[in-house]
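Colleague: Based on what follows, work out the 3D shape:
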Amino acid sequence: MFTIVLHLLCVTLCLQLQQGLSGPQCLEHPPNLNGTSGAGSVIKVGGLKAYVTGPPRSKVAIILASDVFGYEAPNLRKIADKVASTAGFHVVVPDFFYGEPYNPNNTQRNMTVWLKDHGTDKGFEDAKRVIASLRNKGVSRIGAAGFCWGGKVVSELAKGYYTKAAVLLHPSRVTLDDIKAVKTPISILVAQFDNGTPPALMKQFQEVLTTNKVDNFVKIFPGVSHGWAVRYAEDNATAVKSANEAHQDMLNWFTKYVQKR
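Modeller: All right, here's what the predicted structure looks like:
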């Protein structure tokens, strides 16, 4: 009986990895989506609902691609507000899941089923629509950052010239082949304890990017695990400090490659 259960768990984990997740770590510490607010507002951008914040007429914009819990996550909106208020970026957080973020309590829509409707390939296509909409409104320089699920979406954008710079924060299912195809300056911020993007793999990422002469910044944050940059607990001072450090690194990258060039 134990062998059967273990086999089923392994099959489930493999399916999750194939669909773009780093296993159970991607679902730890889900946010409370009730009563989400923020300094910005929700409008349509490229046909998608999006949380937007910062100067609406700015010529520089940042797109934040969420993890599986979606664009309403309170911490994600706080990060968007921080990026907007600190550097004057127009920040867009699209609802890539069309009102259906992953709900761990919905037993009828487990992760494997949910991802069939919300794969990163679809997110990539939607992200291109958002970028086109921003450009049509006069935005001349765009950066993109992705958390977990969103990290894969942003890695796809980085393979073309859709954005001026990319930041991946504890991304899921980003492979060495993905990194070999990256063309734009990219920062990869990961946790010491991460099943999907372990430190050894990050060393390979950095070596490839450097060999390909792609500007890069790869950083491993000690003592934290996958998801820490967006699903941190507000009452955990250590977690908040580490998350804030990652946010500042992200902001520095965008200031260098999106705002000042």
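Colleague: Helices of the stretch 101-250 of the chain, start to end?
Modeller: 111-117, 120-136, 149-157, 176-180, 199-211, 237-254 (DSSP state H, counting those that start in this stretch).
Colleague: right, and F89 touches I63 too?
Modeller: No - look at F89 against I63 with CB atoms under 8 Å: they stay out of range, at 10.1 Å. No exception for glycine: its C-beta is placed from N, CA and C like everyone else's.
Colleague: shared neighbours, these two?
Modeller: G143 (CB atoms under 8 Å, 6 or more residues apart in numbering).
Colleague: would you put the C-alpha positions of stretch 124-144 in CSV?
Modeller: Taking Å, rounded to 0.1, in the frame of the first residue of the first chain, the C-alpha atoms of stretch 124-144 are listed here in CSV:
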residue,chain,number,x,y,z
PHE,A,124,3.4,34.2,-23.0
GLU,A,125,0.9,35.0,-25.8
ASP,A,126,-1.2,37.2,-23.4
ALA,A,127,1.9,39.0,-22.2
LYS,A,128,2.7,39.9,-25.9
ARG,A,129,-0.7,41.4,-26.2
VAL,A,130,-0.2,43.5,-23.0
ILE,A,131,3.1,44.7,-24.4
ALA,A,132,1.6,45.7,-27.7
SER,A,133,-1.1,47.6,-25.9
LEU,A,134,1.4,49.5,-23.9
ARG,A,135,3.4,50.4,-27.0
ASN,A,136,0.3,51.6,-28.7
LYS,A,137,-0.2,54.0,-25.9
GLY,A,138,3.2,55.5,-26.3
VAL,A,139,5.3,53.4,-23.8
SER,A,140,8.8,53.2,-25.3
ARG,A,141,10.7,51.1,-22.8
ILE,A,142,9.3,48.0,-21.0
GLY,A,143,10.7,45.6,-18.4
ALA,A,144,9.2,42.4,-17.1
